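Asker: coords please:
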Amino acid sequence: MSDTYTVEIELDPKTGEMILPFPQELIDEMGWNVGDQLIWEETLIWEEDGEFPGFTLRKSDERTN
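Answerer: Down below sits the predicted model:
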């Protein structure tokens, strides 16, 4: 698994919603499946040259279906 993934936000032409398309490699590595509820949280990322705002994304214990 890569430590960094870069994706472009896409716009759904039917709904106008934004889509963040995750690479299949990341989905597989994280063990995510259709129906999983993901939790998106703001966080700070610490690097050698300072702290930066960022996000974490993790699978909830609950399922949506």
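
Asker: walk me through the domains of the chain.
Answerer: Under automatic domain parsing, the residue ranges defining each domain of the chain are 1-31, 34-65.

Asker: for stretch 3-13, give the mean pLDDT please.
Answerer: Stretch 3-13 carries an average pLDDT of 88.

Asker: what about it, start to end distance?
Answerer: Terminal residues of stretch 3-13 are spaced 31 Å apart (Cα to Cα, to the nearest Å).

Asker: now the domains of the chain in CSV, with mean neighbour count?
Answerer: Any C-beta I mention is one placed from the backbone N, CA and C, and that applies to glycine too. Formatted as CSV, the entries for the domains of the chain read as follows, by neighbours: other Cβ atoms under 10 Å:
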stretch, mean neighbour count
domain 1-31, 9
domain 34-65, 9
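
Asker: which residues does stretch 32-50 contact?
Answerer: 22, 51-60, 62-65 (Cβ atoms under 8 Å, 6 or more residues apart in numbering).

Asker: quick check: phi and psi at residue 15.
Answerer: Residue 15 has phi and psi values of phi -110, psi -20 when expressed as degrees, to the nearest 10.

Asker: quick one on the thing from earlier: would you check which pair of the contacts of stretch 32-50 lies furthest apart?
Answerer: 51 and 65 (37.6 Å; Cβ to Cβ).

Asker: mind checking how far residue 12 is from residue 19?
Answerer: Shown here: residue 12 relative to residue 19, a distance of 6 Å by Cβ to Cβ, to the nearest Å.

Asker: repeat for residue 39
Answerer: Between residue 39 and residue 19 the computed distance is 18 Å (Cβ to Cβ).

Asker: what do you get for residue 48?
Answerer: Residue 48 sits 33 Å away from residue 19, taking Cβ to Cβ as the criterion.

Asker: next one: residue 37
Answerer: Computed with Cβ to Cβ, the distance linking residue 37 and residue 19 is 17 Å.
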